[in-house]
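Asker: Got a predicted structure plus its sequence, pasted below:
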Amino acid sequence: MIQILELFGGIGSPRCALRNLGIPTKAIDYVEIDEKAVKSYNAMFKEELPYKTQSVVGWNLKPDILIHGSPCQDFSIAGKQKGADEGSETRSSLMWETIHIIQQMGAWKPRYVIWENVKNVRSKYMVHNHNRYMEEMHKLGYTSNFALLDARDFGLPQARQRYFTVSCLGNEKFDFSDLIHTPMRNVWDFIQPDDEVADCYTIKSPSMIKNIVPTNYDNATIDTLSVIKNYAMTITTKQDICPNAGIIQRKNGKWRLLTELECWRLQGYSDDDYCRALKANPSMQGKKNGALYKQAGNSIPVPIFESLFRKIILNETEKHNDMEIKSENSGQLRFV
């Protein structure tokens, strides 16, 4: 059984990936500050929680894999780009708490640590924090590699590029080049029929309507709304803004926003996951659900984690080899 620790856990993308792959998993702990995201997570994994969680009292943590996607707001070009210098008290500087947690684990160290963040984390004004993060991981005995991954290469019709850093305990260098990729699916498989979508999603604001570009993304600018053709743009925490992930033409000729369900689907979640989250965070009649939009926008595409875990745990890559998972006397996973 794989033991995981989810920091800044959101709605549990890595756990969904492990569930989808059929990998027995024990979630040692899940840490998330957003109360409504916690409600969704608990609803999504309701049947598993009583059996696969435990207290973290005394820091008695022994995860095989630690996953953290620390807040991106201070890295993102959509934010104020305050950065993540340690001691700056920005939300993104919480990334250093992961280092502190690993330091306090003592002799036990997770076999793998996975960190995800926005593309701008490697910009010239932000890259020093990412480089220092990898230096600190090296001091803890890890070898870190990173790559820019796009959700479209893992089956999702969403242009979402994010840096993933995989730190391996010891001298192993994680090779992203042989991750299993999946052809991008048809975006219309993710879109609800027009007659299922309420009028509250129709764009009525004159300031948004005037910015609609009914052609393609090549003609779009930072202040325009693009019509979805082959894929959506990056799912963010809000859709009733300009720009957003893209818009859809209705049968009556008007334009509408993506629904919350469509945003969840475009991040790789099942309809059952969404329905459970909706039950935990109900919508008001005739109103859009800001909490569910936010949870989708802050999430990490599930299929990317599936590909990472297929390589790390199952040894399934573009050059497939079988692998056993064995346990040392200490209980630390040994991948052979």
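Answerer: Received it, and whenever you're ready, just let me know what you need. If you're wondering where the values come from, they're calculated on a predicted model, not measured in any experiment.

Asker: pretty sure Glu116 belongs to a strand, no?
Answerer: Yes. Counting by DSSP: H, G, I helix; E, B strand; the rest coil, Glu116 is located in a strand.

Asker: ok, how many other residues are close to it?
Answerer: Counted with other Cβ atoms under 10 Å, residues neighbouring Glu116 total 25. For every residue, glycine as well, the C-beta is placed using N, CA and C.

Asker: list the contacts for it?
Answerer: Neighbouring residues of Glu116 by Cβ atoms under 8 Å, 6 or more residues apart in numbering: 68-69, 162-165, 300.

Asker: 10 Å instead, please
Answerer: 8, 13-14, 67-70, 72, 146, 149, 162-166, 300-301, 304-305, 308 (Cβ atoms under 10 Å, 6 or more residues apart in numbering).

Asker: Just the ones of these in helices?
Answerer: 13-14, 304-305, 308 (DSSP state H).

Asker: quick one: which of the residues you listed is nearest Ala296?
Answerer: Lowest distance from Ala296 to those (Cβ to Cβ) belongs to Ser13, with 10.5 Å.

Asker: any idea how far Phe164 is from the closest one?
Answerer: 12 Å (Cβ to Cβ, to the nearest Å).

Asker: So for these two, which residues contact both of them?
Answerer: With Cβ under 10 Å, 6+ apart as the test, Ser13 and Phe164 both reach 69, 116, 300, 304-305.

Asker: any chance of these in TSV, plus distance to Thr234 and pLDDT?
Answerer: Converted to TSV, the shared contacts of Ser13 and Phe164 look like this (distance: Cβ to Cβ, whole Å; pLDDT from 0 to 100):
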residue	distance to Thr234	pLDDT
Gly69	15	78
Glu116	13	94
Ile300	12	96
Ile304	14	98
Phe305	17	98
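
Asker: nearest to Asn315, of the residues you listed?
Answerer: Nearest to Asn315 among the shared contacts of Ser13 and Phe164: Phe305, at 16.0 Å, using Cβ to Cβ.

Asker: Surely the closest one is in contact with Thr25?
Answerer: No. Taking contacts as Cβ atoms under 10 Å, Phe305 lies outside contact range of Thr25: 11.8 Å.
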